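# fold the following and give me the result.
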Amino acid sequence: MRKVASSRQEKKVAKAVGGRTTPGSGAGDFKKGDVENKYCLIECKTLIEPKESHRIKKRDLKRIQQQAFEAGKDIAVLAFDFGDGENFYILSERSFLNLMELYAQKIFGDPHQ
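Residues are numbered from 1 along each chain as shown. Model (predicted):
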């Protein structure tokens with residue numbers, strides 16, 4: 001049941017970010033994270049049954065940051081849902097600032113605006 005829910009979430013996140021899922025959910029030696037696109041590596045966490053809270057661990061955030069760095073990605077993200085299919089995304093300040101810079105480049109053509 002958990003594998004089905006995780007796979008569903010990973011596919012949904014991959015579609016939302018224009019990315020692809022990682023074979024074996026990043027369990028291999030070379031590809032880490034659950035989803036990746038050109039800029040980011042995403043670790044997905046889901047609950048099987050709907051709940052009002054979700055435990056987020058600092059070590060999970062630190063791990064995805066390290067894996068994104070090793071993969072040459074500018075943005076590390078933890079995607080989670082409360083078991084109802086609605087995804088939320090957590091990222092570090094560094095990843096957030098990288099995201100803002102990419103956004104500024106896209107919109108304004110200048111990363112310092």
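
# for the rest of this, base every contact and every neighbour count on C-alpha atoms.
OK.

# neighbours of Gln66, how many?
15 (other Cα atoms under 10 Å).

# roughly how far does it sit from Thr22?
Remark: distance between Gln66 and Thr22 (Cα to Cα, to the nearest Å) = 16 Å.

# Asp34 now?
5 Å.

# Lys11 too?
For Lys11, the distance to Thr22 - Cα to Cα - is 10 Å.

# compare neighbour counts for the two and give me the winner.
Higher neighbour count among Lys11 and Thr22: Thr22, with 21 against 16, using other Cα under 10 Å.

# contacts only, for the more buried one.
Listed by Cα atoms under 8 Å, 6 or more residues apart in numbering, the contact partners of Thr22 are 31-36.

# nearest to Pro50, of the residues you listed?
The closest of the contacts of Thr22 to Pro50 turns out to be Asp34 (Cα to Cα; 21.3 Å).

# helices of the chain, start to end?
Assigned by DSSP state H, the helices in the chain fall at 2-17, 58-70, 93-108.

# can you redo these as a markdown table with mean pLDDT and distance to Ala79?
As requested, the helices of the chain are arranged in a markdown table below (pLDDT from 0 to 100; distance: least, Cα to Cα, whole Å):
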| stretch | mean pLDDT | distance to Ala79 |
| --- | --- | --- |
| helix 2-17 | 93 | 8 |
| helix 58-70 | 93 | 10 |
| helix 93-108 | 88 | 14 |
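
# can you say which of these is nearest to Glu49?
Minimum separation from Glu49 across those (Cα to Cα) falls at helix 2-17, 9.6 Å.
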